[in-house]
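A.B. asks: Here's my sequence, what's the structure:
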Amino acid sequence: MSRNRLVPGVEVVAVPGRGLAVRTAEGEFLSVRTPDVDEGPLLSLLSGAHEPSPLSGAEAAVADEELNRLVRAFEQAGYLADEPQHPQWPAARRAVRLLGDPALTRPLAAHLSALGAEPRTTPAAPVPDGSPAAIEDLLDGDPAAVVWCLDGPVPDGLWDAADRLPGHGVAWLRCHREGWQAYVEPLAAGPGDVTAAHVRARRLAATPAHRELAAYWSGPRTTGAPVRLGVPAAALLAALLADDLSRWATDAPRTAGFPARRRLRQVDLRTLTVTEHPVLPVPDVAPTPLAPVPGARKPVTRAPVTPVPEARIPSERSLAVPTPAERTPAEPTPAERTRAVPMPADRTPSERTRAVLTPAERTRAVPTPAEPTPKKDG
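C.D. replies: Numbering: from 1, shown residues only. Here you go, the predicted structure:
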């Protein structure tokens, strides 16, 4: 058996009248059914102090086989390890640069030093025009990670350059305070991780008071008595930051809860209560089109102008409207139709006129039988 010791956080306890139970690293209890195995040898084996079985011959072989079956079950469940694990901080990731308020950087430096890192506390280089630190300043000294702690809200644009650190192979971790609430943001170690700008965008999208929150970040803010960051609260924030950085440096296995790189932790500084929230990076999108101005006149879409012959006058060329001569000849008017009907020359004008009468007139013009011409007397 390659593993015969319980991993840290996992314990086995004997329950009176119910046999053995396993307490997992998450605090849950699982029952262990061992009808054919003595509890003593199993507990001795799981603790790492295995004693030889008092049985001999066939009975010992059967007992060992059943004992090995239970140990394999513990191993497959992930409850056994070869030996106690004490990961060391890798030398390539020991250089850590700390920026921000001393109330947070001092306890953080103490934690990191105890874990094997080499923290270096330096202020960000001042810029004459008061703009945020440049990426070249943050990369000074070739750090493996940069941690920035603020005892107050983050001014607009202060962390824009630092958000580009993961693209240069430098881990980026930060925290800040807003009143009695402190925020420990997820560690970003690669181009696809969550940055400070992503956290701000997600927080604005998650609250109906996004205008008020944006105004709070931008300032100015009127306050009364300032919030004092106490020693226990500062120690808690420093411990959370040091734990995140240590797990990244040593590639520690993932624990229960949200992944460290997708987790925003909110700390209530009055009760030291920690609340976790999942957070995802914001994908790149196309720029938002400008909204139309209310009351503005909509642009008129014109049809393409059709080229026209040069013989037309300028006004006709610009409008591209057919001239009367180019149109299809219209139907002749009644007067034109009257004049257009040829009539025999031997007809009188009255007969030619009757030849073009309307249907109603033609009905009245039907010749009646010839009446006898009266004869004159004498």
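A.B. asks: any chance you could map the strands in this structure?
C.D. replies: In the chain, strands defined by DSSP state E lie at 5-6, 11-15, 19-23, 29-32, 80-81, 95-100, 118-121, 145-149, 171-178, 181-184, 263-268, 273-278, listed in chain order.
A.B. asks: so what strands line up beside the last one?
C.D. replies: The partner list of strand 273-278 in its sheet, established with DSSP bridges, is strand 263-268 (antiparallel).
A.B. asks: what sits against H168?
C.D. replies: 135, 139 (C-beta atoms under 8 Å, 6 or more residues apart in numbering). C-betas here are computed from N, CA, C, even on glycine.
A.B. asks: for R174, same thing?
C.D. replies: 147-150, 159, 162, 185, 196.
A.B. asks: dump the residue contacts of A109.
C.D. replies: 98, 119, 121.
A.B. asks: From these, pick the one nearest E28.
C.D. replies: P119 (36.8 Å; C-beta to C-beta).
A.B. asks: what's the spacing between that closest one and A95?
C.D. replies: 9 Å (C-beta to C-beta, to the nearest Å).
A.B. asks: what about those two, which has more around it?
C.D. replies: More crowded of P119 and A95, by other C-beta atoms under 10 Å: P119, with 22 against 17.
A.B. asks: which residues pair with that one across the strands?
C.D. replies: Here P119, judged by DSSP bridges, has bridge partners V96.
A.B. asks: Please tell me I have it right and it contacts L112.
C.D. replies: Yes: counting by C-beta atoms under 8 Å, P119 does reach L112; the two are 4.5 Å apart.
A.B. asks: so what sits against both of those two?
C.D. replies: By the contact definition C-beta under 8 Å, 6+ apart, P119 and L112 are jointly contacted by V96.
A.B. asks: show me where pLDDT drops low in this protein?
C.D. replies: For the chain, the stretches flagged by pLDDT under 70 are 1-4, 36, 48-63, 83-86, 124-132, 286-378.
A.B. asks: now T195: how far from W148?
C.D. replies: 12 Å.
A.B. asks: Apologies, that question was intended for L241.
C.D. replies: 10 Å.
A.B. asks: try P16
C.D. replies: Note on P16: its distance to W148, by C-beta to C-beta, is 54 Å.
A.B. asks: okay, those two: which has more neighbours?
C.D. replies: Using other C-beta under 10 Å, the more surrounded residue of P16 and W148 is W148, with 26 against 5.
A.B. asks: How much space separates the more buried one from D284?
C.D. replies: The value you get for W148 to D284, if C-beta to C-beta is used, is 24 Å.
A.B. asks: now the helices: where do they sit in the stretch 51-200 of the chain?
C.D. replies: 57-76, 102-115, 135-138, 196-206 (DSSP state H, counting those that start in this stretch).
A.B. asks: So which of those helices is nearest F29?
C.D. replies: helix 57-76 (14.9 Å).
A.B. asks: related to what we said a few turns ago, looking at the strands of the chain, which one is packed in the most?
C.D. replies: strand 145-149 (a mean of 25; mean count of other C-beta atoms under 10 Å).
A.B. asks: Listing partners with orientation, what would you give for that one?
C.D. replies: Strand 145-149 is paired, per DSSP bridges, with strand 95-100 (parallel), strand 171-178 (parallel).
A.B. asks: Show me what it is in contact with.
C.D. replies: 93, 95-101, 104-105, 108, 138, 159, 162, 165, 170-176, 237, 241, 245, 248-249.
A.B. asks: before we move on, back to that, between the strands of the chain, which one is closest to A206.
C.D. replies: From these, taking C-beta to C-beta, the stretch that ends up closest is strand 273-278, at 8.6 Å.
A.B. asks: mind listing what the residue lying closest to L236 once chain neighbours are set aside touches?
C.D. replies: Leaving aside its chain neighbours, L236 sits nearest to L272 (5.6 Å; criterion: C-beta to C-beta, 6 or more residues apart in numbering). L272 makes contact with 232-233, 236, according to C-beta under 8 Å, 6+ apart.
A.B. asks: what about burial for those, which qualify?
C.D. replies: The neighbour count (16 or more other C-beta atoms under 10 Å) marks 233, 236 as buried among the contacts of L272.
A.B. asks: Present the contacts of L272 as TSV; the columns should include distance to G257.
C.D. replies: Listed next are the contacts of L272 as TSV, based on distance: C-beta to C-beta, whole Å:
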residue	distance to G257
P232	23
A233	21
L236	17
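A.B. asks: so which of the contacts of L272 comes closest to V32?
C.D. replies: L236 (36.6 Å).
A.B. asks: gap between the closest one and I135?
C.D. replies: Distance from L236 to I135, by C-beta to C-beta: 31 Å.
A.B. asks: rewinding a little: okay, and the common contacts of L241 and W148?
C.D. replies: By C-beta under 8 Å, 6+ apart, the residues touching both L241 and W148 are 173, 175.
A.B. asks: correct me, but T122 touches R97?
C.D. replies: Yes: counting by C-beta under 8 Å, T122 does reach R97; the two are 6.4 Å apart.
A.B. asks: All good on my end, thank you.
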